[in-house]
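Enquirer: predicted coordinates and the sequence they were generated for:
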Amino acid sequence: MTIAIGIALDVGIPHTSVTLHWIEGAVVAIPCAWLAVRVVRWRRAWLMVTSLRIVDQWGAASGNQIDIPLDSIERVVVVQSLVRRTLGTGSIDVAVWERGMLHRIEDVRRPDVLARIVTRRLVPPGDWGTDWGSD
């Protein structure tokens, strides 16, 4: 989109000054640089859910990692805008009991499914479905 705007400005106003060409270049370069940073961050992040914990690792230059034991999770909340819901992506907020912290896991593909998986692992297997139908 930004490249199309830059080309449209260059073609629409053919005889411009050097300063205006620098502005056109900035109009194109800034969103492209932002996108490149997001792609690198996205490619360097991974999320793993085991039977005991959630491991979230991120960071392009420095590796950051957090391990959240499943038995210390209070609740899991899915955060999605309308655009992200349409694209099938979003964020998950994980509230941890002991530490009194809220950890946001960004750019999760199908966050509703992941939240359901984590929530099921929070409840002991023998208790699945015991409260269904009771009001």
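Expert: Yes, it's here.
Enquirer: phi, psi for Asp81 please.
Expert: Not quite, residue 81 is Ser, not Asp. The phi/psi pair for Ser81 (degrees, to the nearest 10) reads phi -90, psi 170.
Enquirer: leaving out the residues flanking it, which one is nearest to it?
Expert: Leaving aside its sequence neighbours, Ser81 sits nearest to Gly90 (Cβ to Cβ, 6 or more residues apart in numbering; 7.7 Å). Every C-beta, even on glycine, is put in place using the N, C-alpha and C of the backbone.
Enquirer: how about the secondary structure of that neighbour?
Expert: Counting by DSSP: H, G, I helix; E, B strand; the rest coil, the backbone at Gly90 sits in strand.
Enquirer: flag the helix or strand of this structure with the lowest per-element mean pLDDT.
Expert: Lowest mean confidence among the helices and strands of the chain (mean pLDDT, DSSP states H and E): helix 2-12, at a mean of 71.
Enquirer: which helix or which strand is home to the residue most central in space within the chain?
Expert: Taking Cα atoms, centre = their mean as the criterion, Asp107 is the residue nearest the geometric centre of the chain, at 1.6 Å. Element membership for Asp107 (DSSP states H and E) is strand 101-109.
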